[in-house]
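>>> Fold the stuff below for me.
(3 chains)
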Amino acid sequence: MTMEERVWSDVEAIRAQAPLVHNITNYVVMNNTANALLSLGASPVMAHAEEEMEEMVGIAGALVINIGTLSTPWIQAMHKAQQAAAAKGIPIVIDPVGAGATRLRTQTVHELMQAVSPTVVRGNASEIMALEQAGTGAKGVDSQHGSDAAVDIAQRIAGQHDCVVCVSGEVDYVVSAERQVRVRNGHALMPRVTGLGCTASSLIGAFCAVNAKTFDAVTHAMVVMGIAGEVASVKAQGPGTLQLYFLDALHNLSASDIRQRIQVEG
Amino acid sequence: MTMEERVWSDVEAIRAQAPLVHNITNYVVMNNTANALLSLGASPVMAHAEEEMEEMVGIAGALVINIGTLSTPWIQAMHKAQQAAAAKGIPIVIDPVGAGATRLRTQTVHELMQAVSPTVVRGNASEIMALEQAGTGAKGVDSQHGSDAAVDIAQRIAGQHDCVVCVSGEVDYVVSAERQVRVRNGHALMPRVTGLGCTASSLIGAFCAVNAKTFDAVTHAMVVMGIAGEVASVKAQGPGTLQLYFLDALHNLSASDIRQRIQVEG
Amino acid sequence: MTMEERVWSDVEAIRAQAPLVHNITNYVVMNNTANALLSLGASPVMAHAEEEMEEMVGIAGALVINIGTLSTPWIQAMHKAQQAAAAKGIPIVIDPVGAGATRLRTQTVHELMQAVSPTVVRGNASEIMALEQAGTGAKGVDSQHGSDAAVDIAQRIAGQHDCVVCVSGEVDYVVSAERQVRVRNGHALMPRVTGLGCTASSLIGAFCAVNAKTFDAVTHAMVVMGIAGEVASVKAQGPGTLQLYFLDALHNLSASDIRQRIQVEG
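Predicted coordinates:
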């Protein structure tokens, strides 16, 4: 199969299997993330009570942990959920939102990754750099560093945790200890919509739930994110309409959209 | 009056009275639920601090409790709010999101209903079945059972609690101990938008606030939900735009929309 | 410079500087608020953990505190954040959502303002009146009072705290101890979208971050809110589409939009 056929095969598998993706995510993006998963064909659940983490992970096909609006009880639930996910053997995706901006965030994601090695980490360049070393001067949840600068660090993290790291930005880098690809799909208006990075992490969860080749699953998810953004941008007149047309584009995505637009290098 | 005239009479009453609907609901849907209530003409409030439950219920015309993203402090607030609502005599709507998926959810909704009998319960087939008996194999917040299978259980619950139960799905069943109607309005794209079930529960709250005949109020709310979805689907090109056009449709709903589209049997 | 030139100068400064606006706000509006700040050109962060308040304020250009969905841990974080903001000297905007509706809300905002005088307070007439005196019969988060009635109270509060108070409604009053202007921009459909008042408060934060003349910054923010609403209403067919076109309008706002539409008196 060509890469575009493999991307499409994953999309069809998600639509057929509707994998349940359990998200412990931030308040800002919950609605959009749930809608993006539904539009893609997956089945979202958002839950954060420590008491139900084991059971919820027990019926899930992937776990996505996003630290965007942290507090102590949620951190405890994140730990419990990833232990359950590791025991069950389902993929764990970590989204280190704002790592580097505060010690709470940097330390929380560090402790989560020390406790259980994730399957995938996806963040912008600042966030990925903060995973290796605090004090990069990350300003909130924005990226101040080019993606390129973070790729070396991503590769080291991938090696340490035997995981796949995605450094997203104008170009998305998908990195393992041995491999690297660059996904050039996407549109300049996408960073003007809050939480599309968080959405990418949740879509990665859906792709990993149906494709055990993690590197491919992450790459395919980023291709689909970028292409849906491109399709949406054709009609969008700003960030407001882009957000909605993005969901429509995920729902209506076709094999020919992928064939015509896919841009992956390396 | 014909049924379509009674539906319209309730819509006009909501627009004229703007009843305050107090929602203790989940993080995922708060924004959409508030917007749906506003678009219909009601007045939403979302509040969950135990300290303000009595006062907030004191100025509300209906209380809607939705267990979609539970945690201990919220459960305490739910109990306090429904006690205040029962004391004041305003309608209580329970939405048992994900009941059956985890013990926390099944048990919480069970305890809420044992403490105070609700006025209305609305859920999908799996959730309603979980109210009678745990272990139905509910997978998250999705329904795996046909609505039909849940109607007998709904009727028993309605009898036990002297309440109205709505089993929503492709066909919505409105059930009391003695009666049953089927609402056939709606559109296949609606389940692809997160939280439209939660929205239905909140609209039921608004209809119950202006119409003391609970069975009729629930039926009318489900008719309006379904018709707004149908109107929205005419222009929608996917789940993203459906969500927005749905709000526009609620705002612009006319007597003739209802007359032309209403589909209620039994 | 004329006023329209000064408004535009602030918009250009926000787009150039992308000031980080730290929001401790309610669950209902977080997504929309973040998107409005991004569409305007600012950089939003939402965070509420007490442990990270000092660091997050440390990298922010303004702090916005919104009491829409209160609970004890959040109140503690609000106090900590405003102390850090006062120590750093960045603007603090208070949005007293639902003040007057419950003692928890009225008291919380009272205590916040006694602990640290805010730079700006923005609310509807009921909320502003509740700041001076409980028991105005405020019904939830809606305004039952004309804005005019609240202006005298706003002026007293502005004098006591040496701050600017904005009483928003059909006409927005911007009030200091010595001055008053009325912004007549806006559209009748805007109150049918949840949280546009909260959005106004966050945009005020962005304008204050780039313009040290607080009275002007607040006035300019309300002009931009109102004009974006007007531009959005041209295409909107209801509250659903208005919400999206509003974001597009913020993103596409031009000097000529402001020149042609600005309506400020006094």
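
>>> which helix in chain A runs the most residues?
helix A:214-235 (DSSP state H).

>>> Let me see the mean pLDDT of it.
Mean per-residue pLDDT for helix A:214-235: 98.

>>> how about stretch A:78-95 as CSV, C-alpha atoms only?
C-alpha atoms of stretch A:78-95 as CSV (Å, rounded to 0.1, in the frame of the first residue of the first chain):
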residue,chain,number,x,y,z
MET,A,78,-4.1,11.0,35.3
HIS,A,79,-1.7,8.7,37.2
LYS,A,80,-4.4,6.2,38.0
ALA,A,81,-5.6,6.2,34.4
GLN,A,82,-2.2,5.7,32.8
GLN,A,83,-1.5,2.8,35.2
ALA,A,84,-4.7,1.2,34.1
ALA,A,85,-3.9,1.8,30.5
ALA,A,86,-0.4,0.3,30.8
ALA,A,87,-1.8,-2.7,32.6
LYS,A,88,-4.4,-3.2,29.8
GLY,A,89,-1.9,-2.4,27.1
ILE,A,90,-3.8,0.3,25.3
PRO,A,91,-1.9,3.3,23.8
ILE,A,92,-1.3,6.4,26.0
VAL,A,93,-0.9,9.8,24.4
ILE,A,94,0.5,12.7,26.4
ASP,A,95,-0.1,16.3,25.5
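
>>> List the buried residues of it.
For stretch A:78-95, burial by neighbour count (16 or more other Cβ atoms under 10 Å in any protein chain shown) applies to A:78-82, A:84-86, A:90-95. C-beta coordinates here come from the backbone N, C-alpha and C atoms, glycine included.

>>> can it be found next to chain C?
No. Stretch A:78-95 is not in contact with chain C by Cβ under 8 Å from any Cβ of the partner chain; minimum separation 13.2 Å.

>>> which residues are contacting that stretch?
A:22, A:24-25, A:50, A:53-54, A:56-58, A:60-68, A:108-109, A:111-113, A:115-116, A:118-123, A:197-198, A:201-202, A:204-205, A:208-209, A:214 (Cβ atoms under 8 Å, 6 or more residues apart in numbering or on different chains).

>>> Take those residues and keep only those in helices.
Filtering the contacts of stretch A:78-95 for helices - DSSP H - leaves A:53-54, A:56-58, A:108-109, A:111-113, A:115, A:197-198, A:201-202, A:204-205, A:208-209, A:214.

>>> now, which of these lie close to chain B?
residue A:56.

>>> What's the local residue count around the closest residue to residue A:216 other than its chain neighbours?
Excluding its sequence neighbours, the residue lying closest to residue A:216 (Cβ to Cβ, 6 or more residues apart in numbering or on different chains) is residue A:6, at 6.3 Å. Neighbour count of residue A:6, defined by other Cβ atoms under 10 Å in any protein chain shown: 17.

>>> Tell me how far residue A:6 lies from chain C.
33 Å (Cβ to the nearest Cβ, to the nearest Å).

>>> now swap in residue A:216 and tell me
Counting by Cβ to the nearest Cβ, the separation of residue A:216 from chain C is 31 Å.

>>> can you check residue A:196 too?
10 Å.

>>> okay, the residue lying closest to that residue once chain neighbours are set aside: pLDDT?
Leaving aside its sequence neighbours, residue A:196 sits nearest to residue A:190 (Cβ to Cβ, 6+ apart; 5.1 Å). On pLDDT, residue A:190 comes in at 97.

>>> To what extent is residue A:190 buried, counted in neighbours?
Residues near residue A:190, counting by other Cβ under 10 Å: 25.

>>> tell me the contacts of it?
A:196, A:229, A:233, A:242.

>>> so how many other residues sit close to the last one?
Summarising burial for residue A:242: neighbours were counted as other Cβ under 10 Å, giving 26.

>>> still on that earlier bit, which neighbouring elements make contact with the next helix-or-strand element following the longest helix of chain A?
Downstream of helix A:214-235, the first helix or strand assigned by DSSP states H and E is helix A:239-252. Applying 3 or more Cβ pairs under 8 Å, 6 or more residues apart in numbering or on different chains; DSSP states H and E, we find helix A:239-252 packed against helix A:30-40, helix A:214-235, helix B:239-252, helix C:30-40, helix C:239-252.

>>> for the following helix or strand past the first one, what is the average pLDDT?
What that stands for is helix A:30-40. Downstream of helix A:30-40, the next assigned helix or strand under DSSP H and E is strand A:43-46. For strand A:43-46, the mean pLDDT works out to 97.

>>> hang on, the earlier thing: rebuild the contacts of residue A:190 as JSON lines, extending it with distance to residue B:177.
Formatted as JSON lines, the contacts of residue A:190 follow (distance: Cβ to Cβ, whole Å):
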{"residue": "A:196", "distance to residue B:177": "49"}
{"residue": "A:229", "distance to residue B:177": "52"}
{"residue": "A:233", "distance to residue B:177": "54"}
{"residue": "A:242", "distance to residue B:177": "50"}
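
>>> can you name the two of the residues you listed that are farthest apart?
Of all pairs drawn from these, the greatest distance, 12.0 Å, lies between A:196 and A:233 (Cβ to Cβ).

>>> Quick check on these two: which one has the bigger neighbour count.
Between residue A:196 and residue A:233, residue A:196 has the larger neighbour count (other Cβ under 10 Å), namely 24 against 19.

>>> Surely the more buried one and residue A:222 touch.
No. Applying Cβ atoms under 8 Å, one finds residue A:196 not in contact with residue A:222, separated by 11.5 Å.

>>> ok, the closest residue to residue A:257 other than its chain neighbours - contacts?
In this structure, residue A:257 finds its nearest non-sequential neighbour in residue A:227, 5.8 Å apart by Cβ to Cβ, 6+ apart. By Cβ under 8 Å, 6+ apart, the contact list for residue A:227 reads A:185, A:249, A:253, A:257-258, A:261-262.

>>> Same question for residue A:61.
Taking Cβ under 8 Å, 6+ apart, one finds A:17, A:19-21, A:90, A:206, A:209-210 in contact with residue A:61.

>>> out of those, which are buried?
Those of the contacts of residue A:61 that meet the buried threshold are A:19-21, A:90, A:206, A:209-210, by 16+ other Cβ under 10 Å.

>>> closest to chain B among those?
Distance ranking of the buried ones among the contacts of residue A:61 against chain B, using Cβ to the nearest Cβ, places residue A:20 first at 5.0 Å.

>>> Which strand residues bridge the closest one?
residue A:43 (DSSP bridges).

>>> and it, what pLDDT?
Confidence score, pLDDT, at residue A:20: 98.

>>> Could you check the angle the worst-scoring helix or strand of chain A on mean pLDDT makes with helix A:214-235?
Lowest on mean pLDDT, DSSP states H and E among the helices and strands of chain A sits helix A:147-161, with a mean of 91. On the basis of axes from the mean of the first three to the mean of the last three Cα atoms, to 10 degrees, helix A:147-161 is oriented at 150 degrees to helix A:214-235.

>>> Residues in contact with helix A:147-161: which ones?
A:113, A:117-118, A:121, A:124-126, A:128-129, A:131-132, A:163-173, A:175-177, A:180.

>>> Mark which of those are buried, thanks.
Buried members of the contacts of helix A:147-161, scored by 16+ other Cβ under 10 Å, are A:113, A:117-118, A:121, A:124-126, A:128-129, A:131, A:163-169, A:171-173, A:175-177, A:180.

>>> Where does pLDDT dip in the stretch 1-150 of chain A?
A:133-147 (pLDDT under 70).

>>> Which residues of it lie near chain B?
So far as Cβ under 8 Å from any Cβ goes, the stretch 1-150 of chain A lies against chain B at A:18, A:20, A:27, A:30-31, A:34-35, A:38-39, A:43-49, A:51-52, A:55-56, A:59-60, A:73.

>>> Buried ones among those residues?
The neighbour-count test (16+ other Cβ under 10 Å) marks A:18, A:20, A:27, A:30-31, A:34-35, A:38-39, A:43-49, A:51-52, A:55-56, A:59-60 as buried among those.

>>> Nothing else from me, thank you.
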